[in-house]
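Undergrad: using only what follows, build the 3D model:
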Amino acid sequence: MTTPAPAPVPAQSAPTEKWNVLAIVGFVLSLLGTNIVAIVLGFIALSQVKKSGERGRGLAIAAIIIGFASIVIYIIIFITTFALVAANTAVTGY
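TA: Below you'll find the model as predicted:
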């Protein structure tokens, strides 16, 4: 007697982990230059990721770091520009 072949088992895909939407949005906004919004969304996303276990912790941290770093860079550029303009005005006497 022959034993019947087992029925083929349908391939099961691995369950996909859910990404935190706020982390993605915060990261994209940090790259686009809306830094304060990106920082706020990054902190909210970090809190949500911690509670829910979703993916996106790295994106949230990146949004926060990029947001703060670009704000610091903008401040440095503003101070440098202001100092250069003030120095140039003082030399010409106008």
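Undergrad: the helices in the chain, which residues?
TA: 21-32, 35-52, 57-92 (DSSP state H).
Undergrad: which parts of the last one are buried?
TA: Across helix 57-92, burial judged by 16 or more other CB atoms under 10 Å covers 57, 59-64, 66-68, 70. (C-beta placed from N, C-alpha, C; glycine too.)
Undergrad: closest to A45 among the residues you listed?
TA: Nearest to A45 out of these is A60 (CB to CB; 3.9 Å).
Undergrad: contacting residues around that closest one?
TA: 20, 22-23, 26-27, 41-43, 45-46, 49 (CB atoms under 8 Å, 6 or more residues apart in numbering).
Undergrad: so where's the protein shaky on pLDDT?
TA: 1, 11-15, 90-94 (pLDDT under 70).
Undergrad: let's see it at 80
TA: 1-16, 89-94 (pLDDT under 80).
Undergrad: let me have the buried residues of helix 57-92 in JSON lines, adding distance to F82 as columns.
TA: Compiled in JSON lines, those are given as follows (distance: CB to CB, whole Å):
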{"residue": "R57", "distance to F82": "38"}
{"residue": "L59", "distance to F82": "34"}
{"residue": "A60", "distance to F82": "33"}
{"residue": "I61", "distance to F82": "32"}
{"residue": "A62", "distance to F82": "30"}
{"residue": "A63", "distance to F82": "28"}
{"residue": "I64", "distance to F82": "27"}
{"residue": "I66", "distance to F82": "24"}
{"residue": "G67", "distance to F82": "23"}
{"residue": "F68", "distance to F82": "21"}
{"residue": "S70", "distance to F82": "18"}
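Undergrad: and of these, the nearest to A87?
TA: S70 (25.6 Å).
Undergrad: in space, what's closest to the closest one - neighbours in sequence excluded?
TA: Nearest non-adjacent residue to S70, counting by CB to CB, 6 or more residues apart in numbering: N35, 5.1 Å away.
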